[in-house]
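1. Predicted model, plus sequence, below.
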Amino acid sequence: MKDNERKLSDFIDRLNAEQKPDEDECSTQSEELKKLYRTVRLVRSLKNPAMPEPGYPTKLAKAVAGRLARRRSATRKRWALTLGAVGVAAIFALFINFVVPFGNPNVVNAMEQAFNEVQAYHGILEITASNAQGESTEQGKLDVWADRDGHYYVKGLAGASQSLVTVNNGQRKWQIQPGQKRVQIFPALPDAYRFQFELGKEIQEAKNALSTKVIGEDTISGREAFIVEVTPKGGSPYRIWIDKKTELPLQKQTAMEHAIQYTLTYKEITFTDAIPAQLLTYHLPEGYQEINENPEQLVADLPEAREIAGFTGKTPATIPTGYSQDRVAVVPNRQLVKMYYRNPEQKQAIVMQGKAAGEFTTAPNALLGKMNDSVVEILSPVAGDAETSSIRWRKDGFEFTVLGNAPLDDLAAFAQGIMSGPLTMPSPEKQIAKPQVKVPYDLTVEKNDQQNADAGSSPWKLDPIFVAQVFVSLQMSPQGITGEYPLDTKDLTVSENNGIDAIVTVHDKRAPIKAVYLKRVVRQDETGIWTVVGYDPR
């Protein structure tokens, strides 16, 4: 039995590797293996077949097992059924691999390929919340228009966002608030608000997940769908329902957290060539007030920008292939010049520059690079917008930022074009200095803390500044901390950060420690917590 099982497994493996099997249906002496080999070849040769009826794999397994059982003698019945089950299991696994998007590569690739054909879509999105007792209430309903370039129009039909209209047309973002009779203006990037259950974003998150697997079938909004369990790098597993016909997400169910679980369902969805132009065109309704805290003024060129901002902006000496300047704008009240660049894939890069003011402080979780002896802050992604990255630095009394939803390498090329010098990006492979004193840690405890942070209950461990503050404060007050911490976060700065290792410098001379060494020991990405692994005494 084990020998036949091994032969069948080797046969499948060599076919998948595009190699000739050591034994096939022509060379084997086993009638059972001969039939199984032929069946595997038939399944292997299938090209984009029509989906079988529900329950077909189970029927196939029973039919093959039954035939094998009838051909065996009574004395060999148990042996035969076991072999038949093993063979059918192998065939079933192969069948699913080719016919059903069952593994991570297949299900994600199918969604990606399907979304590549989508220009825009329109749907009615319903959001419900369920408690631990299974009681559900409707939280909201949205009228959603979106396209593959990241533009969207969302109107609340029910719930807390009823009547609110939020639009991002790539150049500006605004929200019409009927209750206050006002229109709030926001920059198009970074976009901290992107409506829930955006198809492109869901597919990208599934692509970046640790694993995806089909766990069942269901009917959603009258459409047959696969149920896919997604295990993300950060957080608990959740489920999405994939339309069998369109191969695109129809429904999402979040993990149960704090006794609440959310289900987002497209009750209706259609695909179109574009979002209607009138929905993406800004206009101020009659009787409404416009609230714009950072109003941009479009200008014809940089000389006109100089007249408004009071300085001559620098343009990149070179720009990445495919990009061209889209427009130039000035934010007068901030004396900020903004140059917009765009490529044919609608990826955008914004080069911003203004006179430096105050000290240059970097975000706690920023990666730190170097360019012409200047410290460079690298945020990828920018907090609140997973699709946007930024590079920021200072030079000769000016502060520069390159921001956009373009690839980080493209943004780095724009930065180097401005500074005419190489940008040294931080590398996890490059070792940072070692601490004078090592601090032991319990990996099991850290994994539990990571789970707490994933659930939102220990967010401070995601910030190296706060982790260092707690550690040093406990050295200053070993009996415990009551009230305010003895060490202020203003006395701490991140001096090195390559994404996995970091060093926090302590400036308060009262502290017995001058540098804290931290490491992401559980998960090495932006969702990973920081752990103290050493320090330098003062």
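-> Structure received. Numbers count the residues shown, from 1 in each chain.
2. where does residue 278 land on pLDDT?
-> On pLDDT, residue 278 comes in at 97.
3. give me phi/psi at it?
-> phi -70, psi -20 (degrees, to the nearest 10).
4. Please shift the residue numbers so they start at 51 in all later answers.
-> All set: I'll call the first residue 51, so the last point we hit is now residue 328.
5. Quick one: classify the one residue sitting closest to the centre of the chain as helix, strand or coil.
-> Of all residues in the chain, the one closest to the mean position by Cα atoms, centre = their mean is residue 255, 4.3 Å from it. State at residue 255, reduced to three classes by DSSP: H, G, I helix; E, B strand; the rest coil: helix.
6. What residues does it make contact with?
-> Going by Cβ atoms under 8 Å, 6 or more residues apart in numbering, residue 255 touches 280, 282. (C-beta placed from N, C-alpha, C; glycine too.)
7. With residue 88 instead?
-> Contacts of residue 88 by Cβ under 8 Å, 6+ apart are residue 75.
8. Kindly provide the whole-number mean pLDDT of the helix or strand where it lies.
-> According to DSSP states H and E, residue 88 maps onto helix 81-94. Per-residue pLDDT over helix 81-94 has a mean of 70.
9. Stretch 270-283 too?
-> pLDDT averaged over stretch 270-283 gives 93.
10. How about stretch 541-560?
-> Rounded mean pLDDT across stretch 541-560 is 94.
11. One more: stretch 339-355?
-> Stretch 339-355 shows a mean pLDDT of 89.
12. contacting residues around that stretch?
-> Stretch 339-355 is contacted by residues 222, 231-235, 237, 334, 358, 362-363, 365, 377-384, 387-388 when judged by Cβ under 8 Å, 6+ apart.
13. again with stretch 360-372
-> With Cβ under 8 Å, 6+ apart as the test, stretch 360-372 has contacts from 352, 355-356, 385, 387, 389, 391, 393-395, 401, 403, 405, 448, 450, 456, 460, 463-464, 466-468, 470.
14. And stretch 431-438, by the same measure?
-> 200, 239-242, 244, 251, 413, 415, 439-440, 453-455, 576.
15. cool, and stretch 288-304?
-> Here stretch 288-304 makes contact (Cβ under 8 Å, 6+ apart) with 101, 151, 157, 160-161, 163-165, 168, 247, 249, 252-253, 256, 265, 268, 270-271, 273-280, 282, 305, 311-316, 319, 321.
16. Now which of these would you call buried?
-> Buried members of the contacts of stretch 288-304, scored by 16 or more other Cβ atoms under 10 Å, are 151, 157, 160-161, 164-165, 168, 247, 249, 252-253, 256, 270-271, 273-280, 282, 311-316, 319.
17. picking up where we left off before, among the contacts of stretch 360-372, which ones are in strands?
-> Among the contacts of stretch 360-372, the members falling in strands (DSSP state E) are 387, 389, 391, 401, 403, 405, 448, 450.
18. With neighbour count added, can I get the residues you listed in JSON lines?
-> Formatted as JSON lines, those follow (neighbours: other Cβ atoms under 10 Å):
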{"residue": "387", "neighbour count": "25"}
{"residue": "389", "neighbour count": "23"}
{"residue": "391", "neighbour count": "23"}
{"residue": "401", "neighbour count": "26"}
{"residue": "403", "neighbour count": "23"}
{"residue": "405", "neighbour count": "13"}
{"residue": "448", "neighbour count": "16"}
{"residue": "450", "neighbour count": "23"}
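19. any chance of those in CSV, with distance to residue 587 and pLDDT too?
-> Shown next, in CSV, are the ones in strands among the contacts of stretch 360-372 (distance: Cβ to Cβ, whole Å; pLDDT from 0 to 100):
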residue, distance to residue 587, pLDDT
387, 46, 95
389, 48, 95
391, 49, 96
401, 44, 96
403, 42, 96
405, 40, 94
448, 39, 94
450, 38, 96
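20. which one of the residues you listed sits closest to residue 89?
-> For those, the residue nearest residue 89 by Cβ to Cβ is residue 391; the value is 56.1 Å.
21. any idea how far that closest one is from residue 169?
-> With the distance defined as Cβ to Cβ, to the nearest Å, residue 391 ends up 23 Å from residue 169.
22. what does residue 412 give?
-> Using Cβ to Cβ, we find residue 412 at a distance of 39 Å from residue 169.
23. for residue 223, same thing?
-> The value you get for residue 223 to residue 169, if Cβ to Cβ is used, is 21 Å.
24. The least confident helix or strand in the chain by mean pLDDT: what's the following helix or strand?
-> Least confident helix or strand of the chain, by mean pLDDT, DSSP states H and E, is helix 127-149 with a mean of 41. Counting by DSSP H and E, the next helix or strand C-terminal to helix 127-149 is helix 154-166.
25. Against which helices or strands is that following helix packed?
-> Helix 154-166 is packed against helix 249-257, strand 261-270, strand 288-293, with contacts defined by 3 or more Cβ pairs under 8 Å, 6 or more residues apart in numbering; DSSP states H and E.
26. Okay, helices next: where are they in the protein?
-> 52-66, 81-94, 106-121, 127-149, 154-166, 249-257, 352-359, 458-469, 493-504, 514-526 (DSSP state H).
27. Send me the fifth one as CSV with only the CA atoms.
-> When you say that, I think you mean helix 154-166. The C-alpha trace of helix 154-166 is given here as CSV (Å, rounded to 0.1, in the frame of the first residue of the first chain):
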residue,chain,number,x,y,z
ASN,A,154,-2.4,31.0,-2.1
PRO,A,155,-0.9,31.5,-5.6
ASN,A,156,-3.9,30.3,-7.5
VAL,A,157,-6.6,32.2,-5.6
VAL,A,158,-4.6,35.4,-5.5
ASN,A,159,-3.5,35.1,-9.2
ALA,A,160,-7.1,34.5,-10.3
MET,A,161,-8.3,37.7,-8.4
GLU,A,162,-5.3,39.7,-9.7
GLN,A,163,-5.9,38.7,-13.3
ALA,A,164,-9.7,39.3,-13.0
PHE,A,165,-9.1,42.8,-11.5
ASN,A,166,-6.6,43.6,-14.3
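28. That one versus strand 261-270: what angle between them?
-> Interaxial angle, helix 154-166 versus strand 261-270 (axes from the mean of the first three to the mean of the last three Cα atoms, to 10 degrees): 60 degrees.
29. same deal with the last one?
-> Interaxial angle, helix 514-526 versus strand 261-270 (the same axes, to 10 degrees): 120 degrees.
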